[in-house]
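When you get a sec, could you give me coordinates for this:
(2 chains)
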Amino acid sequence: MKIFKNILITLTILGLSGCKFLDFNESVGDSKDFFYSYFDNVKRLLTYPYSLLYEDFGSVDGAMLDCATDDAEYAYSKSLVQGFNDGSWSAMKTLDSTWNVSYTAIRSLNDFISTFAETDFSRFKNNIDYAQSMAEIQSYPYEARLLRVIFLFDLAKRYGDIPMPLKTLTITEANEITKTPFDDVIVYIVNECDSTAEHLPVNYVNEISGETGRVTKGIAMALKSRALLYAASKLHNPGNDVNKWQKAAMASLDLINSNIYILEPNINTVITNSVTSREVIMERRNTDNNAFEKLNFPIGYQGGQSGTCPSQNLVDAFQTKNGYDVVLTATGWNSADPGFNPNSPYANRDPRLYKSILYDGATWKGRPVESFIGGLDGYPIQGATPTGYYLRKYLVETVDLSPSINSMAKHHWIVFRYAETLLNYAEAMNEAFGPTYSDATYTLTALAALNQVGTRATMPALSGLTKDAFTTALRRERRVEFAFEGLRFWDVRRWMIGESTQKTINGVSISKNAGGLKTYTLNNIDSRVWDDKMYFYPIPQQELNINKNLSQNKGW
Amino acid sequence: MVNQLKKNSMKKVIEILSILCLFSIPSLAQKVISGTVSDENGKPINGVEFYISDNIKKIGSSDEKGKVIISAIPDAVSLLSYIVYTPETRKGKIQIDGNTFILVIKKDDRVINLGHDISTTEKESTISSATIGSEELQQSSEVNVAKALYGKLAGLSVMQPGGINSVNSPSLLIRGKNTFNDNTPLVLVDGFERDIDYISLAEIESISVLKDATAAALYGVRGANGVIVVKTKRGAIGKTKVTAQYKYNTYVPFREPEMADGYSYAQAYNEALANDGFPAKYSNAELQAFKSESNKFAYPNVNWNNQVYKDFSTNHQFDLTASGGGNKFRYFTAATYSNDQGLFKPNDISKREDYKLSKLHLNLRSNLDANITKTTLMQVSLLARLSEFTQPRSGAVNIASGIINIPSAAFPVYSPNGKYASTNFYGQNPVAMVNSSGFTRNMEQSFFADLRLKQDLSTITEGLTAEVAMSHDFYSLIAEFGNRSYLYEVVTPNIDENGNITTSVAPYGEDTPMDYGDNLNTQFMNDNLEGKINYSKQINNYNLNASLVYDQSSYFGQGRNNTNKRQSYMAYLSGGFKEKYLLDAVLNYSGSSVMPENDRFRFFPAISGAWIVSSEEFMSSSSLELLKIRGSYGLSGSDSFSNDLFRQFYINNGTYYFTSNIVNAGGSREGTLPVVGLNYELVKKANLGIDLMAFKKRLSLTTDLFYEYRNNILVDGSKVISSVIGIDVAQQINGEVKNKGIELTSSWADLVGKFNYRISGNITFVRNEIIENNEGFVPFPYLSKIGNSLDANYGLEAIGFFNDVQEIASSPKQVFSDVKPGDIKYKDQNSDNIIDENDVVKYGNSGGTPEIYYGFQINLEYKNFGFNAQLQGVANRTIFTNTANLFFPLKDGSNISTYYLEDQVRWTESTKGTATVPRLTTVENLNNFRPSTLWFRNGAYLKLRNIELYYNVPESIVKGVNAKLFVRGANLFSLDNLKKFDPENYQANYPSLSSYTIGATFCF
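So this is what the prediction gives:
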């Protein structure tokens, strides 16, 4: 009898307290409150958006975005990057993942910014390292705000008008958000740059954390310089409002006058892949890796796949060291430079050619590159360069891809460097006032700024240019100085020169004659589709299907 | 007045529960009655037990002549219930008018268990169900219980699994699929959720499949996928009955894949290389060497199948059961032992490392019933199961796929030095994998224990009982293993210009000593508690049975956050009027811990009714013995989703590099968003059924029409939520699926003189349809999956092969990979001149799960001889033949089957017109090797699942012993379209098996 009693007692108790039976929580996940209870975690949350910063070591299916400009052609004809060039690019077939990545970063930053503001860190004041931790985190909210506008600018330069969420969105909000016009996005970016610059250090070397690599005051200023330049450019400034150019010039001048950065005086100083150069304003960092070498080493080098192959169009932009044009035409090399030797067309050129491009005969890893027909790196080898050139910039020559060694190196993507600030200034000044104007406010002339960059590369200084001639010189300077640093794609767009530059892609076909002399023949390797709708990216069709408040960009 | 009475009695119930004071009935005025019990053929039935109230307070039982005398029965009692356990449990109630009665126990008195210790009989049932009894189950020699159910029960589809037959278990579906997520039915063994794999056939009394709303509602958040109720045997009053059975099974592989011999492989490989524009790998001299087998080390021709597998494998099964008991105590106890030896050849080289593929298990079952007081029944059920599964450390399935993957021409079994041979590409040798890779031994212990106490409370009011049950199950799997690697030698051939073959040998790897270890792989506990108050009453023509049930279950898995708990409160009401009009109603209020606090409970109501038309006056002259029309409608749910879906966490993700030393810094971010409005999958089920018996019950027929509509199904949210949200979006509960179908079960049985025969069969047709899957926008209407079946296949429409380069140039561009003549040409569905993912179309209504599932059987018995045959088939099933080596040959160093080489016509210049498969290729040809109509096959089959010939040894030979001798065969043939492969196991897997059995059963 007793057993029934016990059982029934149990049953009754369970029946009465039944609701409690299911109440347990064995979750192993960390809630938001828990997460913000540790300094380390707070730091981790801000590290995450850094990990999403854009870089282009082959961001489009192995290809650099330059393969979608007149600077390069990708060796593999099935790569998705060809979609930019063959007309198959569309809202259904988007080719770059920035939309998703940037909004992911922006959400994490929105969450961080609002939660950080609400978190009371004084509850940790008994921690031994409280003072140090507080010192470390004081710049975090400003870092986060600057990072947020970096990601917003990545979107705005692609899509123009964009949804600009400044708080964490609910599902409904995300599905109903409207676009903010490009100009308003720029205003927001500029304001944020201004207000964060005040609070961010110039350099972290002397900060308590020593954590260089975090965003700085100079980065805020550089972003402002670039954002205002883009906003003043023809694509976004169809009425050519001179005021916009003046603002752009002033933003650049502020950074120039801050004296935080210098041009590396020697052209041979390593700038790419460097975290210490005083010319580099911001780099997107990486650990040891050799994927970039695997993609881009010439086909004849072990492990190489040719990858991003510079075009003849780009090579033609590199003058002789005396400042004369060299152009490969249907009838052969053409240059007014008396010192130019068509049998040795790559000699005595703008030294930046040698930093950017591997041409036939260039020495690489202990042997000359042989991109001539029948050469070790040339046609008809499957996968050989279609243009006759291989990529040089960012590649680390010491990387050895043989399976037994498989060495690696660090690659850091340059986001901003000081030379760009100078050229941004030169461009804006020329557009606003002409090449040689200066006054008490705009203390530097456009020409002087341009020449700082050119002469650093040991090229002759320019003088006596008209405004239009200056524009031509400046555009060439940007192209050669920043080849494969991710600027050309956007310059083509903001200058609106797609129709005139993006259709014909040339390479060189080199045949080696019996006597060892080589014949260079212009080789039209790609006839591309250009449509002015391509000045902006198409918004992914799925986004439009979901959010009826979004409209597609013109022409798509 | 009646209300008052009810209130009083309810009060009393409560009182009883709270004061918890139980006592026996006081004596009242008593009478004596007598009766006889027989079956429908007039044969007396022994062992029928009579009770005053449901199954607890026994007052008598029939003897061998069917006579029963019941003394000391209270005057007031006019309704007795009876139950008999053999050959299958039947029960019912009998009205006593006067002092004598005659009881005929009928076929449709057969009990259907609904779980929660609630049962009904076929006659009184209003629900849609199908039941199989012990006798029929025992016709099978399968070790796994579910494999004895192929085609046996309408609505239950049992598909043969791949893998090793001694350990695999079939997939079970009740009425097809109904959700994108978990479709597995709930399996109850003796009322508690348990894995059917752990029970042996000898322990089982019956298995019922409960298909419609009323049964599902009884299980609330677990019932949506249907319920399989397994009831184990219990002891009946009488002298000890012992059954001993021995079975010896011999298994032979059924349609083992045949791979090309060395010469054919080498030829095919050269052909493929030529197609890809590469030079030949094998010279003519080398091909000749393969053909002549002049040097088996250099140019081998290894039949890996024969090297690794024996011709047959074996299994011994021994079952011993004993049951019996008296009025106070009854028992059923069973020991079942099975020893299964797999197909791998013994290790001739080292007995020390002879780890065969084997599976042993021992089940020990004890089911005890004790009447511990005059009004109290105590039921204890215990099962201990020990099992041991051993296989080579490489894994039997890996070895089986290695056999298929490694070409005959790749390398010899042994090098000229007598070491294992291999190449660095394959890195393995199937014979070495069996003999020299070590072993894994899985030791499972499971222990199922449950206790049920039933208390008669007729002192409070007539017909009132209460019961409480609890169970505790424990399972653990400990794996012990020995790891070692082996040395192999790469044999490199060389032919000189004179045709002389030499070989050089290079060793790789090393023979290592065995490295031992062990692991606790799985462990879980399952606890259940159930309480019930039951009230049953017959007033005039009204028959009422009402139950209040409380039920809770806990599953404790290994590790953290693997606990699941469920709880339900329910009322079950079953009523009848004049045995013509029947009604069952369930109201279940249940919840599960996977839901957020304060939002866990839902109501699951269901109602079902039946009209026994044949009992009406106007049908009395009809030849129909039974005509019953049933209908049911109700709601049930499914909680098969993970814990924490309603919670959001922060997770580690991303790395960046700070400081001038580029130091790694880890990142963290918000994890996936929580599911908004998380809810159980809810299914509304409607069922309309007819049961019919005619021609003196020789014909019986049951048909059911059903319709199910399920919503709240978790589906991917990413297609309907803008990525501007910037975070991994959770699933949404938007999914909706409907499912409808028809079932038919029929049998004809008769006894002609001494010839007893029965022909029976069942067929189910079921078709589901996606109503909502959150697919968002699709660019072309035919790409939408809405309106299609859950299982439908999708692929490009193959319209032949490209015969030349001109044809490729003039056809739409196929984007998957470079196309050459001999590659598959696809139809441009949207006429955009590009063949891409947007040209994929639906193929057929069904995929791997058949829409039509049927089974039929013949049972013949003449004097002491009998014959049973059972066939099972499916139709409306599509399979995608995409297995590398077998259907997708040669790429990535894989092998080629004789099916591809001989049974199919591959595209070559000379077979352009007749080709059935594309050209051979050695590269990853994404154009050809992707889902397309070329690779979809009709997956219909008809299999002989079981055939039996037996002889009942007359009792006169050995007095007191009933013996049965039998021979059986299982899975002996299949009629289908694949012909060379088992249509249920056409992957690179351990072979399917046919079995031949001899056995004997002794009962005494």
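
Point out the residues in the stretch 251-400 of chain A that sit beside chain B.
A:V275, A:T276, A:R285, A:N286, A:T287 (Cβ under 8 Å from any Cβ of the partner chain). The C-beta positions use only the backbone N, C-alpha and C, and glycine is treated the same way.

Pull out the buried residues from those.
Buried subset of these (neighbour count, 16 or more other Cβ atoms under 10 Å in any protein chain shown): A:V275, A:R285, A:N286.

Let me know the closest of those residues to chain B.
Relative to chain B, the closest of those is A:R285; by Cβ to the nearest Cβ it sits at 4.3 Å.

Roughly how far does the residue lying closest to the closest one once chain neighbours are set aside sit from A:V270?
Nearest-residue entry for A:R285: B:Y657, 4.3 Å, with adjacent residues in sequence omitted and distances by Cβ to Cβ, 6 or more residues apart in numbering or on different chains. Distance of B:Y657 to A:V270, given as Cβ to Cβ, to the nearest Å: 18 Å.

Dihedrals phi and psi, residue 183?
Picked chain A for this. Main-chain dihedrals, A:D183, degrees, to the nearest 10: phi -60, psi -40.

what's the neighbour count on it?
By the criterion of other Cβ atoms under 10 Å in any protein chain shown, A:D183 has 15 neighbours.

wouldn't it be in contact with A:N237 here?
No. The pair A:D183 / A:N237 is not scored as a contact, 9.2 Å apart, by Cβ atoms under 8 Å.

Return every residue with contacts to both of those two.
A:A231 (Cβ atoms under 8 Å, 6 or more residues apart in numbering or on different chains).

what's across from whatever residue of the stretch 301-450 of chain B ends up closest to chain A in the sheet?
Distances between the stretch 301-450 of chain B and chain A by Cβ to the nearest Cβ are smallest at B:T376, namely 7.6 Å. Beta bridges link B:T376 to B:T373, B:Q455 when assigned by DSSP bridges.

host element of B:N367?
The secondary structure element spanning B:N367 is strand B:358-373 (assigned by DSSP states H and E).

residues of that strand that come out buried?
Within strand B:358-373, the residues that count as buried by 16+ other Cβ under 10 Å are B:358-369, B:371, B:373.

Show me what it packs onto, helices and strands only.
When contacts are defined as 3 or more Cβ pairs under 8 Å, 6 or more residues apart in numbering or on different chains; DSSP states H and E, strand B:358-373 packs onto strand B:329-341, strand B:376-392.

What residues sit buried inside the shortest one?
Neighbour-count burial for strand B:329-341 flags B:R330, B:Y331, B:F332, B:T333, B:A334, B:A335, B:T336, B:Y337, B:S338, B:N339, B:D340, B:Q341 (criterion: 16+ other Cβ under 10 Å).

max-length strand in chain B?
In chain B, with assignment by DSSP state E, the single longest strand is strand B:515-539.

which helices and strands sit right next to that strand?
Using 3+ Cβ pairs under 8 Å, 6+ apart: strand B:515-539 touches helix A:2-16, strand B:192-193, strand B:438-456, strand B:464-483, strand B:542-556.

Can you classify B:A268 by secondary structure?
Secondary structure, DSSP: H, G, I helix; E, B strand; the rest coil: B:A268 is helix.

Once you drop chain neighbours, what's closest to it?
Distance criterion Cβ to Cβ, 6+ apart; nearest residue to B:A268, sequence neighbours excluded, is B:I896 at 5.3 Å.

again with B:N687
Nearest in space to B:N687, with sequence neighbours left out and distances taken as Cβ to Cβ, 6+ apart, is B:D212 at 3.9 Å.

try A:L353
Nearest residue to A:L353, sequence neighbours excluded (Cβ to Cβ, 6+ apart): A:F318, at 4.1 Å.

Just the CA coordinates for stretch A:479-486, please, in CSV.
Only the C-alpha atoms of stretch A:479-486 are listed here, as CSV (Å, rounded to 0.1, in the frame of the first residue of the first chain):
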residue,chain,number,x,y,z
ARG,A,479,46.5,54.4,-63.8
VAL,A,480,50.2,53.6,-63.6
GLU,A,481,50.7,54.5,-60.0
PHE,A,482,47.8,52.5,-58.7
ALA,A,483,47.8,49.6,-61.2
PHE,A,484,46.2,46.6,-59.5
GLU,A,485,45.4,48.5,-56.4
GLY,A,486,41.7,48.5,-57.1
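
And the contacts of that stretch?
Residues from elsewhere that reach stretch A:479-486, judged by Cβ under 8 Å, 6+ apart: A:56, A:64-66, A:71-72, A:272, A:308, A:310, A:314, A:317-318, A:350, A:352-353, A:356-357, A:391, A:393-394, A:413-414, A:417, A:419-420, A:423, A:453, A:457, A:488, A:491.

how about a cut-off of 6 Å?
A:D56, A:D66, A:A317, A:F318, A:R352, A:S356, A:K393, A:I414, A:A419, A:V453 (Cβ atoms under 6 Å, 6 or more residues apart in numbering or on different chains).

Would you mind putting the residues you listed into CSV with distance to B:P954, pLDDT and secondary structure alongside?
Below are those laid out as CSV (distance: Cβ to Cβ, whole Å; pLDDT from 0 to 100; DSSP: H, G, I helix; E, B strand; the rest coil):
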residue, distance to B:P954, pLDDT, secondary structure
A:D56, 90, 96, coil
A:D66, 94, 96, helix
A:A317, 106, 97, coil
A:F318, 107, 97, coil
A:R352, 106, 96, helix
A:S356, 101, 96, helix
A:K393, 97, 96, coil
A:I414, 98, 96, strand
A:A419, 107, 96, helix
A:V453, 111, 96, helix
